[in-house]
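Student: below are the sequence and a predicted model; questions follow.
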Amino acid sequence: MATTTTNSLLRGVAPTRGGMSAARWRDLRDGLLFTSPFILGVLFLWAGPMIYSMYLVTQDWSLITAPKFVGLGNFERLLGDPLVMKSLGNTAFYTFIGVPLQLLTAFGLALMLNQNVRGLSLYRTVYYLPSITPAVAFAVVWIQILNPEFGVLNNILHLFGIPPIKWLFDPTWSKPAFILMSLWLVGFQMIVFLAGLQGVPKELNEAAAIDGANTWRRFLNVTLPIISPVLFFNLIIGIIGSFQVFTGSFIMTKGGPQDSTLFIVLYIYRNAFEYFKMGYAATLAWVLFIIIMFFTMIQFFFANRWVYYEGKG
Amino acid sequence: MSAATHQIQGRTAGKRKNQWGYLLLHAGMILLGFTFLVPLAWVVSTSLKTSGEVFITPVEWIPQSPNWSNYTEVFVRLPFAQFILNSLYVSLMGTLGSVISAILVAFGLSRIRWPGRDALFVVLLATLMLPGIVTLIPVFIIFKNINWIGTFLPLWVPAWFGSAFYIFLMRQFMLTLPQELDEAARIDGASNFRILWQVIAPLCGPAIATVTIFSFLFHYNDFLGPLIYISENDMFTLPLGLLWFQGRFGNFWHLVMAASMITITPVILLFFFAQRYFVQGTQFTGLAGR
């Protein structure tokens, strides 16, 4: 505000009677102009499609014949479709077991990297590298790694006397296999944690040490509160991403064995692009959307109980 | 005197204990490093084996004599050179759009004061967290209606409208630049556009590098987009091409791994040349979460 006034004064533009100087009009015009790509993007790639999608929910449409109004028919079908619950259950399992493990791994790695070890950047590179590989290449490589007979994982487990596991061919092991794989991709979260850890003031730790707090108490009462916003960020992003897991199961298992890796996005994809049930697929997408938003809201709701923001007391 | 000796003794004892801890830490980190590298080592190793060597257990990590011809064979079996070109085209067009739009929108959100700016920023934060799955089907139908299916357009045009994440990164960076820069230029009568191109944009090098890298990686790695929009074989991007290869020649492990290596290599090269910006960008995102 103050700057705008100074600016208009500097430019010698007197405020007009309406309260808006020529400079402020120009700033409004330019502000809209510069942000117009994003405004158009929100309208045409977010808001418009979301409204259009609400219409799709009420339609039975194969893209080839004309769409037919079915009212709440898609919801009725959804309730009677056992694969919906199955795929949602699979996705929940993958998310609620996978995300905590991913965060633990990422946090553990970040703690190690925060110890001022020699060769830090090399370790960081090595831990980060897998997370940037193209998802398709990652999946194709892991098909071989998880092969029960010739795969390297069972090979290594054999050294410890563990009998071969059928991984992607066994409904009880297929989801754990996906969770295991996801632990190779935590590089991003790791760096985020590391940034948070590096923001913990040294003086605070030292002061606590002088007061006689041991390592564990210092971790609990100093480090954890200060990195809690970063933990919160990773948790939110992790859950949103995990609910939309797709590529791995599409390529490696095609949802099998016995639908044990049929995740909800894979099921949406199939309905839309294999069975051409656009209305039904849009309905499923909305259900997933609401579920994700629900869990995001819950986290925001509970955030002020455990997330500590500096300056907010 | 005795107090001083005590202190020194105490310090060396602590140091010795620390050294053991340090060694243990290193050992742990090296072990983890190997664990993280196993998949990559597997790709490299298998891609250089002969079909006979692939199925030997226990795994032989170093092939007898590296079989480089696997790589040429990949190019002979499927048009991988074409896939590379397609991937590069889509990635470059998308990246260009991401960078230009991020600079423009971020400038409008950080260095011009106008009513509605804060509201638009809230919208930006919201789209940052909206799950994209909800727009997948309607956007597909929209692109179908304007006859974009089977073209590269759906893969890169949306990037020109700006992605919330990149705009956010760029905005946070622009906010760190001193406001006096703009004011000085304004006194000289420069328009907002000139201020952006001559004053602000040249200072945004690190943020531009970060957006470039993240956006390139996103478009290069994108799978769902090409999967639903591209159907003709000679328009496949590398991820689609690799999937096709896996489907047709999945039993030839050494060839599949050579094809994977071809797909992965550009990403690894990019990473090694621009590692700083990856880390910087990720850190920036994390801190932004505060």
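Tutor: Looks like it arrived, so ask away.
Student: what's the mean pLDDT across stretch B:137-148?
Tutor: Averaging the model's pLDDT scores along stretch B:137-148 yields 95.
Student: for the stretch 51-200 of chain B, which spans come out with low pLDDT?
Tutor: Scanning the stretch 51-200 of chain B for pLDDT under 70 picks out nothing.
Student: try 90 this time
Tutor: Scanning the stretch 51-200 of chain B for pLDDT under 90 picks out B:51-67, B:128-132, B:172-173, B:176-177, B:179-190.
Student: in it, which spans are helices?
Tutor: B:51-54, B:69-77, B:80-110, B:117-129, B:133-145, B:153-156, B:164-175, B:180-187, B:192-194 (DSSP state H, counting those that start in this stretch).
Student: can you give the domain ranges for the chain?
Tutor: You didn't pick a chain, so chain A it is. Following automatic domain parsing, one finds the domains of chain A at A:2-57, A:76-306.
Student: meant chain B actually
Tutor: B:2-47, B:77-288.
Student: wait, which of those is closest to chain A?
Tutor: Minimum separation from chain A across the domains of chain B (CB to the nearest CB) falls at domain B:77-288, 2.9 Å. (Each C-beta comes from the backbone N, C-alpha and C, glycine too.)
Student: determine the longest helix present in chain A.
Tutor: helix A:82-113 (DSSP state H).
Student: show me what it is packed against.
Tutor: helix A:120-128, helix A:171-182, helix A:187-198, helix A:224-243, helix A:264-273, helix A:278-306, helix B:2-47 (3 or more CB pairs under 8 Å, 6 or more residues apart in numbering or on different chains; DSSP states H and E).
Student: deepest-packed of the domains of chain A, please.
Tutor: Comparing the domains of chain A by mean neighbour count (mean count of other CB atoms under 10 Å in any protein chain shown), domain A:76-306 ranks first with a mean of 18.
Student: what separates stretch B:62-76 from the chain centre, distance-wise?
Tutor: 28 Å (CA atoms, centre = their mean, to the nearest Å).
Student: may I see the buried residues of it?
Tutor: B:P63, B:N67, B:N70, B:Y71, B:E73, B:V74, B:F75 (16 or more other CB atoms under 10 Å in any protein chain shown).
Student: dump the helices and strands packed on helix A:82-113 to JSON lines, plus distance to B:T265 and mean pLDDT.
Tutor: Below are the helices and strands packed on helix A:82-113 laid out as JSON lines (distance: least, CB to CB, whole Å; pLDDT from 0 to 100):
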{"stretch": "helix A:120-128", "distance to B:T265": "16", "mean pLDDT": "89"}
{"stretch": "helix A:171-182", "distance to B:T265": "21", "mean pLDDT": "96"}
{"stretch": "helix A:187-198", "distance to B:T265": "18", "mean pLDDT": "89"}
{"stretch": "helix A:224-243", "distance to B:T265": "26", "mean pLDDT": "91"}
{"stretch": "helix A:264-273", "distance to B:T265": "29", "mean pLDDT": "96"}
{"stretch": "helix A:278-306", "distance to B:T265": "35", "mean pLDDT": "93"}
{"stretch": "helix B:2-47", "distance to B:T265": "10", "mean pLDDT": "77"}
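Student: look up the pLDDT of residue 252 for me, please.
Tutor: Assuming you mean chain A. Per-residue confidence at A:M252 stands at 96 (pLDDT).
Student: should've been chain B
Tutor: 93.
Student: test my guess that it contacts B:S51.
Tutor: Yes. Counting by CB atoms under 8 Å, B:F252 does reach B:S51; the two are 6.4 Å apart.
Student: can you tell me which residue of the stretch 201-313 of chain A sits closest to chain B?
Tutor: For the stretch 201-313 of chain A, CB to the nearest CB, closest residue to chain B: A:F233, 2.9 Å.
Student: I'd guessed that residue sits against A:Q189; true?
Tutor: No. With contact taken as CB under 8 Å, A:F233 and A:Q189 are classed as non-touching, separated by 9.1 Å.
Student: enumerate the residues of the stretch 201-313 of chain A near chain B.
Tutor: Where proximity means CB under 8 Å from any CB of the partner chain, the interface of the stretch 201-313 of chain A facing chain B comprises A:229-230, A:232-234, A:236, A:240, A:243-244, A:246-247, A:251, A:265, A:268-269, A:272-273, A:278, A:281-282, A:285-286, A:288-289, A:292-293, A:296, A:309-310.
Student: can I get the domains of chain A in JSON lines with distance to B:Q275?
Tutor: What follows is these, written out as JSON lines (distance: least, CB to CB, whole Å):
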{"stretch": "domain A:2-57", "distance to B:Q275": "29"}
{"stretch": "domain A:76-306", "distance to B:Q275": "6"}
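Student: of all those domains, which lies closest to B:T176?
Tutor: Among those, the nearest to B:T176 by CB to CB is domain A:76-306 (15.6 Å).
Student: what about the closest residue to A:P49 other than its chain neighbours, neighbour count?
Tutor: Excluding the flanking residues, the one nearest A:P49 by CB to CB, 6 or more residues apart in numbering or on different chains is B:P138, at 3.7 Å. Other residues near B:P138 come to 22 when the count uses other CB atoms under 10 Å in any protein chain shown.
Student: mind checking the SS state of A:Y309?
Tutor: coil (DSSP: H, G, I helix; E, B strand; the rest coil).
Student: and the pLDDT for it?
Tutor: For A:Y309, pLDDT reads 75.
Student: can you get me a residue count around it?
Tutor: Neighbour tally, A:Y309, other CB under 10 Å: 13.
Student: what's the distance between it and A:I226?
Tutor: According to CB to CB, to the nearest Å, A:Y309 and A:I226 sit 10 Å apart.
Student: for B:I149, same thing?
Tutor: Taken as CB to CB, the span from B:I149 to A:I226 is 50 Å.
Student: now swap in B:V211 and tell me
Tutor: In terms of CB to CB, B:V211 sits 28 Å off from A:I226.
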